[in-house]
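# Requesting a structural model of the entry that follows:
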Amino acid sequence: MSKHTPGPWKPITKTYTDRRGEVLMIENGTDAVAELVSLYRPLETYKDSVAVEAAERKANANLIAAAPTMLAALDDLCGPGGQHEHACDKAEHDNDSGCIWCCAREAIAKAEGTGHGD
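Next comes the predicted model:
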């Protein structure tokens, strides 16, 4: 298992009295794990995107907060070191559209910084 900030994580809204105003953060009760800032939007679409941006940031925060739980579930599913044995012809698929076991092992590797896209 990777050495990330221990979970569970939860999204919270923190209100500052300075120019930051409301900030969406991910915390584990004692430590701040992440802070979500406003997404960049072209000026011409800004007025129409404020509500969408808030909803999207909340959805992103929920996904990030669920990461430790999902990683632990995948570790439990795949066994120690992702070593679940299964019959799979790896040549017939890639990890984005292949068997669930290969996808789970690839997700674990990405979370631990050893997989593709890290």
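# where do the strands sit along this protein?
With DSSP state E as the criterion, the chain has strands at 10-15, 22-27, 32-36.
# Run through the chain and note the low-pLDDT ranges.
1-2, 19-21, 38-52, 80-98, 116-118 (pLDDT under 70).
# Quick check: longest helix in it by residues?
helix 46-78 (DSSP state H).
# and it, what does it pack onto?
strand 10-15, strand 22-27, strand 32-36, helix 100-111 (3 or more CB pairs under 8 Å, 6 or more residues apart in numbering; DSSP states H and E). From N, CA and C alone the C-beta is placed, and that goes for glycine too.
# Including distance to Asp75, could these go into JSON lines?
Formatted as JSON lines, the helices and strands packed on helix 46-78 follow (distance: least, CB to CB, whole Å):
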{"stretch": "strand 10-15", "distance to Asp75": "21"}
{"stretch": "strand 22-27", "distance to Asp75": "20"}
{"stretch": "strand 32-36", "distance to Asp75": "19"}
{"stretch": "helix 100-111", "distance to Asp75": "6"}
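# To Arg105, which of the strands of the chain lies closest?
strand 32-36 (24.4 Å; CB to CB).
# Each with direction, which strands does that closest one pair with?
The pairing partners recorded for strand 32-36 under DSSP bridges are strand 22-27 (antiparallel).
# just to revisit the earlier point, buried stuff in the longest helix of the chain?
57, 60-61, 64-68, 71, 74-75, 78 (16 or more other CB atoms under 10 Å).
# what is the orientation angle of that helix with strand 32-36?
Counting by axes from the mean of the first three to the mean of the last three CA atoms, to 10 degrees, helix 46-78 lies at 140 degrees to strand 32-36.
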